[in-house]
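**Q** Coordinates for the following, if possible.
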Amino acid sequence: MTGLRGVGMNADGTLSATAVGKLAAGMWMVSSLLVVSAELLAPGHTSRFATVAIGLGALVSGMALWVLPWCRWPRSVTLWLVPLTFATIGLDYRLADGNGFLYAITFLMVFAWLGLAHPRGTSLKFAPLLIVAYVVPLLGGPAGRSSLGLASAVYVVPCCVMVGEAVAWGMALLADTEWTLTETQERNVGIFEQAPMGIAVSSLDGGLVRVNAAYAKILGYRPEELVGKNLQEITHPDDWTDTSTHMAAAVAGDVEAYTMEKRYVRADGHMVWASVGASCVRDRAGEPLYLIAQIEDITERHALRDKLAYAAVHDQLTGLPNRTMFMDRLERLIVRAERRGRHVALMFLDLDRFKLINDGLGHDAGDRLLQRVALRLQASLRADDLLARFGGDEFTLLCEVASEEEAVEIARRLGAAMDRPLTEANHEQFISLSVGIALSSAETTHPTALLRNADVAMYRAKDLGPARIALYSEDDELPTAEGLRITNELHRALERSEFVLHYQPIVDLHDLRLVGMEALVRWQHPTRGLLGPVEFIPLAEESGLIVPLGTWVLREACRQAGVWAVKRGGADQDNSRLNMSINVAARQLADPAFPELVAAAIDDSGFWADHVWLEITEGAILSDPVAAVVTLGRLRDLGVQLSIDDFGTGYSSLSYLKQLPVETLKIDRSFIDQLDEDPDDKAIVRAVIALGDSLGLAVIAEGIERSSQADELTALGCHLAQGFLYGRPMSPAAIGSFPNDDLVGWPGAADLTNAR
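**A** Below you'll find the model as predicted:
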C-alpha cells in the first residue's frame with residue numbers, strides 16, 4: 001500500500017489522523033473564505049468589517065487546526081470537528097445574510113471529508129445531526145427564504161449522506177485495488193529475485209536494466225555491478241553476432257521469442273555456457289519496450305555432451321579414433337582421393353604375440369602396452385594420416401598415397417618405430433607389427449570391401465611370420481583367408497539372426513507315413529544366399545561357435561515342434577508320429593550343463609520330451625566314452641530319445657555301444673548310395689540292421705533317393721528312412737501350417753502314390 005501511505009492513508013483506504021486534521025483545517029479555511037468572498041461580492045446587511053473579521057477568524061482557527069499534533073491522537077478525535085463545523089456553517093450562514101448555495105455546498109464538503117477520512121457508515125451515523133444542523137439556521141429567517149431552505153433539506157441531506165458514503169466506498173475500492181496491485185508487484189519482485197534461474201531485463205540495445213541474484217551468480221558479479229553493463233561486454237566475442245541477430249529479430253517482431261546456447265565471460269575471465277530464452281515485451285500499441293531473458297548455466301552439461309560425443313568416436317583406452325569415426329573418414333577419404341587421382345591406403349596393424357603379454361603379465365600390462373604403442377605409432381605418422389584402434393590389439397591406418405611404394409614405405413616406418421623396446425619400471429617389452437595393406441582402385445571403392453581386403457592381407461602377413469608387410473592381391477583369397485573371413489561372418493550371423501532351420505521328414509517304410517522330422521540348419525547369407533551346413537559347420541566347430549549355434553538350433557527346433565503339435569492336434573493328426581530329431585555336436589555333449597539346456601528348451605517350448613530325438617555322432621562319444629555315458633544317462637533321464645548318427649563311420653566299440661542308453665542307430669548315407677548296386681554296401685547295411693535287432697535298437701537309413709534303395713532296405717528289414725525320395729528339407733513357411741502324416745504331395749518329394 002505504498003501509494004496510499006504516501007499521501008497519509010491507511011490500508012483500508014481512510015486517511016490517517018494527521019491527514020484528517022489537516023484536511024479539516026483546510027476545508028475550514030476554504031469554506032470560510034468562500035463565505036467571505038461571496039459576502040464581499042454581494043454584500044448583505046452584514047458590514048464589510050464584520051465579514052472580514054469572520055474571514056480572518058476562520059483563517060486563524062483553520063491555521064490553528066492545521067498545526068495541532070493530530071498524530072498523537074486517534075482518528076476518532078477528528079469526529080468532534082463535525083458538530084463544530086456544522087455550528088460554524090450555521091453561524092456563517094446567519095452572518096453572511098443567508099447564501100443558500102454556499103450553505104449547501106459546505107455541508108457537502110463536510111460529508112466528502114467524512115468519506116475521505118472515515119470508513120463507510122460514518123456518514124449515516126451523522127445524518128441525524130446533519131438534519132438538525134442544516135434546519136436550525138434556516139428557522140427564524142424571512143418566511144420565503146425559510147420555507148425554501150427547509151424544502152432544500154429534503155434534497156441536500158440525502159445528497160450529503162450519499163456523497164459521504166460514495167466517497168468512502170470509492171476510497172475502500174481504491175485501497176483494495178492498490179492492495180492487489182501492490183501484492184502482485186511484491187510477489188513478482190519476490191519471484192524475480194528468488195528465482196533459481198537467472199533473469200535479466202535489458203533495454204532494446206542490450207543495456208542491462210535489472211538482473212536477479214541467480215543471473216549475477218552465474219556470471220560471477222553482484223547484481224548492482226551488472227546494471228548498466230551492455231550484453232556485449234559479458235558475451236563471448238565469437239557468440240555476439242548470433243546474439244545480436246536474435247535480439248534484433250525479437251525487437252523487430254520477426255519472432256516472438258528465441259532460445260540459443262551461448263558463452264558468457266564471467267567476472268573472473270572464465271567462460272560459462274548458458275541456455276538463453278528471451279522475448280521482447282511490448283506496449284498496447286505493439287511498440288517494443290524492453291527485452292527479458294532467462295539463462296541457465298549448462299557448462300557441466302555442455303562439457304558432458306562434448307565428452308560423450310568424443311567418447312562416441314574415440315577409443316577410451318588409447319584416445320585414438322574408434323571404428324565409427326574411422327569408417328566415416330574412410331568413406332570421405334575415398335571420394336577425395338578419387339577426385340585427386342590418388343589412392344587410399346588402408347592398413348591393418350596387428351601386434352605380434354600380444355596374447356603372450358596379456359596371458360603372461362596380465363591385462364593391465366596389456367592395456368598399458370596398447371597405450372604406449374598408440375603413442376609411438378601416432379608419432380610416426382604424417383599430419384593427415386588417421387590412426388584408429390579397431391579392437392583388441394588391432395589398429396587401422398588411413399593414408400592418401402600416390403602409389404603402392406609410398407604405402408609400403410609408411411608401413412616400414414611404422415615397423416621401424418616398434419624396433420625400440422617399450423620400457424616399464426622393471427622390464428622391457430619388444431613388440432612387432434604385422435601389416436596388411438589394401439589400396440583403393442576403380443574396382444575397389446566400397447569402404448567395407450577395402451577393409452576386408454586389408455584384413456585378408458594382414459592375415460597373410462601373419463602367416464609369413466612376425467613383423468611382415470603384405471599387400472593385398474586377389475591371390476590372397478586362399479582357403480585359409482576365406483575360412484577366417486567366414487569365421488568372422490559367422491560371429492556376425494549369430495548376432496544378426498541369419499540362421500534358419502529347414503525340416504526333412506523321417507518315414508515308416510511300411511506305410512510311407514510320417515514318423516518324425518529332422519531339423520537341419522541353414523545360413524541365410526546376406527550376399528551369398530542360402531548356404532548348406534557343409535559350408536560353415538566345420539568352421540563353426542573349429543572356432544567354438546558350434547556351441548551357441550547348436551543351442552539356438554535346439555531351442556528353435558523344440559519351439560517349432562511345439563507350434564506344430566498344437567496345430568496338428570486341432571487337425572486330427574496323430575501327434576505320436578510327430579518326433580523332432582536334432583543334431584548334437586561333440587562340444588555340446590562335452591558341456592556338463594548341456595542336459596540342463598535341453599531341459600530348459602523343452603520346458604519353454606511345451607513339446608514332449610519323449611518326442612525329442614537327439615542325434616550324436618560316434619566321434620563325439622568316442623572322444624571321452626566314460627563322460628559320454630554319464631551325460632547320455634542324464635539326457636535319458638529327461639525322457640528324450642537318443643540316436644547314434646552316421647553309424648559305421650566312427651569305429652564304435654561294441655562294448656561301449658551296449659552301455660550307451662540309445663534307442664536308434666542311423667546308417668550313414670555313404671553305405672546307402674550304392675546299396676542297390678554294390679554287394680559290399682548291402683552286406684554292411686545288413687550287418688548294421690542285424691546288430692540293431694540284436695541290441696533292441698531301431699535303425700534309420702538316410703540318404704534315400706531312389707525307389708530301388710528303399711526296396712532293398714525293406715527287404716533287409718529296415719523300417720525307418722529319410723531322403724530326397726520322401727521329401728527335401730523345407731522351411732516352415734514352405735511346409736505350411738504343419739507337416740501331414742500323409743507325405744503324398746510333400747514339397748520336393750517324388751511321387752509316392754505308386755510306391756505304396
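**Q** ok, now how distant is P533 from L501?
**A** Shown here: P533 relative to L501, a distance of 11 Å by Cβ to Cβ, to the nearest Å. C-beta coordinates here come from the backbone N, C-alpha and C atoms, glycine included.
**Q** what is in contact with those two at once?
**A** Contact criterion Cβ atoms under 8 Å, 6 or more residues apart in numbering; residues shared by P533 and L501: L520, V521, R522.
**Q** where's the second one, which helix or strand?
**A** Secondary structure from DSSP states H and E places V521 in strand 513-525.
**Q** and that strand, how far out from the chain's middle?
**A** Shown here is strand 513-525, whose average C-alpha point lies 43 Å from the average C-alpha point of the whole chain (Cα atoms, centre = their mean, to the nearest Å).
**Q** and the residue most central in space within the chain, backbone torsions?
**A** Taking Cα atoms, centre = their mean as the criterion, R305 is the residue nearest the geometric centre of the chain, at 13.0 Å. Taking degrees, to the nearest 10, you get phi -60, psi -40 for the backbone angles of R305.
**Q** so what's it up against?
**A** Contacts of R305 (Cβ under 8 Å, 6+ apart): none.
**Q** okay, it: pLDDT?
**A** Listed pLDDT for R305 reads 86.
**Q** quick one on the thing from earlier: which elements pack onto the strand holding V521?
**A** Using 3 or more Cβ pairs under 8 Å, 6 or more residues apart in numbering; DSSP states H and E, the elements in contact with strand 513-525 are helix 479-496, strand 499-508, strand 529-531, helix 546-570, strand 580-584.
**Q** could you redo the last one with a cut-off of 6 Å?
**A** Taking 3 or more Cβ pairs under 6 Å, 6 or more residues apart in numbering; DSSP states H and E as contact, the helices and strands that strand 513-525 lies on are strand 499-508, strand 529-531, strand 580-584.
**Q** Return the most buried member of those.
**A** Each of the helices and strands packed on strand 513-525 was given a mean neighbour count from mean count of other Cβ atoms under 10 Å, and the largest, a mean of 25, is that of strand 580-584.
**Q** now that one, how far from the chain's geometric center?
**A** The chain centroid and the centroid of strand 580-584 are separated by 44 Å, computed with Cα atoms, centre = their mean.
**Q** And for stretch 353-363?
**A** Here the centre of mass of C-alpha atoms in stretch 353-363, compared against the chain's by Cα atoms, centre = their mean, lies 39 Å away.
**Q** Give me the residues contacting stretch 588-605.
**A** Stretch 588-605 is touched from outside by 547, 550, 554-555, 558-559, 562, 609, 620, 631, 634-635, 638, with contacts defined as Cβ atoms under 6 Å, 6 or more residues apart in numbering.
**Q** same thing but at 8 Å, please
**A** The set of residues that contact stretch 588-605 without belonging to it, under Cβ under 8 Å, 6+ apart, is 546-547, 550-551, 554-555, 558-559, 561-562, 584, 608-609, 612, 614, 616, 620-621, 623-624, 627-628, 631, 634-635, 637-638, 640.
**Q** could you point out which element follows whichever helix or strand V373 is part of?
**A** Element membership for V373, per DSSP H and E: helix 363-379. If you walk from helix 363-379 toward the C-terminus, the next helix or strand you reach (DSSP H and E) is strand 386-391.
**Q** With just CA atoms, put the very next helix or strand once past that following strand into PDB.
**A** For strand 386-391, the succeeding helix or strand toward the C-terminus, using DSSP H and E, is strand 394-401. Presented in PDB, the C-alpha positions along strand 394-401 are these (Å, rounded to 0.1, in the frame of the first residue of the first chain):
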ATOM      1  CA  GLU A 394      44.300 -54.400 -34.000                       C
ATOM      2  CA  PHE A 395      44.900 -50.900 -35.300                       C
ATOM      3  CA  THR A 396      43.900 -49.400 -38.600                       C
ATOM      4  CA  LEU A 397      45.500 -46.600 -40.600                       C
ATOM      5  CA  LEU A 398      44.200 -44.400 -43.400                       C
ATOM      6  CA  CYS A 399      46.700 -42.700 -45.700                       C
ATOM      7  CA  GLU A 400      46.300 -40.900 -49.000                       C
ATOM      8  CA  VAL A 401      49.100 -42.100 -51.300                       C
END
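**Q** could you say what helices and strands strand 394-401 packs with?
**A** Strand 394-401 packs on helix 323-340, strand 343-351, helix 363-379, strand 386-391, helix 404-417, going by 3+ Cβ pairs under 8 Å, 6+ apart.
**Q** Switch the ones you listed over to JSON lines; also include distance to Y221 and mean pLDDT.
**A** Compiled in JSON lines, the helices and strands packed on strand 394-401 are given as follows (distance: least, Cβ to Cβ, whole Å; pLDDT from 0 to 100):
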{"stretch": "helix 323-340", "distance to Y221": "41", "mean pLDDT": "88"}
{"stretch": "strand 343-351", "distance to Y221": "54", "mean pLDDT": "92"}
{"stretch": "helix 363-379", "distance to Y221": "44", "mean pLDDT": "87"}
{"stretch": "strand 386-391", "distance to Y221": "45", "mean pLDDT": "89"}
{"stretch": "helix 404-417", "distance to Y221": "53", "mean pLDDT": "92"}
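**Q** closest to Y472 out of these?
**A** Closest to Y472 of those is strand 343-351 (Cβ to Cβ; 9.2 Å).
**Q** Compute the inter-axis angle for that closest one and strand 386-391.
**A** With axes from the mean of the first three to the mean of the last three Cα atoms, to 10 degrees defining the directions, strand 343-351 sits at 40 degrees from strand 386-391.
**Q** OK, contacts around D268?
**A** Counting by Cβ under 8 Å, 6+ apart, D268 makes contact with G220.
**Q** Tell me how far it lies from V211.
**A** The value you get for D268 to V211, if Cβ to Cβ is used, is 17 Å.
**Q** tell me, which of the helices and strands packed on strand 513-525 is the model least confident about?
**A** Minimum mean pLDDT among those: strand 529-531, a mean of 90.
**Q** and the helix or strand that that strand is followed by, which residues are buried?
**A** Moving toward the C-terminus from strand 529-531, the first helix or strand encountered (DSSP H and E) is helix 537-543. Judged by neighbour count (16 or more other Cβ atoms under 10 Å), helix 537-543 contains these buried residues: I537, L539, A540, E541, S543.
**Q** Could you list the low-pLDDT ranges of the stretch 551-700 of the chain?
**A** Scanning the stretch 551-700 of the chain with the threshold set as pLDDT under 70 gives 623, 648-657.
**Q** how about the helices in it?
**A** Remark: helices assigned in the stretch 551-700 of the chain by DSSP state H, counting those that start in this stretch are 586-590, 594-605, 618-622, 625-638, 654-657, 679-695.
**Q** chain center to the second one: distance?
**A** Yep, that's helix 594-605 we're talking about. Put simply, helix 594-605 sits 37 Å off its chain's centre (Cα atoms, centre = their mean).
**Q** Buried residues in it, which are they?
**A** Buried residues in helix 594-605, counted by 16+ other Cβ under 10 Å: F594, P595, L597, V598, A599, A601, I602, S605.
**Q** now those residues in a markdown table, with distance to V136?
**A** Below are the buried residues of helix 594-605 laid out as a markdown table (distance: Cβ to Cβ, whole Å):
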| residue | distance to V136 |
| --- | --- |
| F594 | 125 |
| P595 | 124 |
| L597 | 119 |
| V598 | 122 |
| A599 | 119 |
| A601 | 118 |
| I602 | 119 |
| S605 | 116 |
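**Q** Check those against D315 and report the nearest one.
**A** Within the buried residues of helix 594-605, proximity to D315 (Cβ to Cβ) peaks at L597, which comes in at 35.9 Å.
**Q** Does H236 touch V265 like I think?
**A** Yes - counting by Cβ atoms under 8 Å, H236 touches V265, with 5.9 Å between them.
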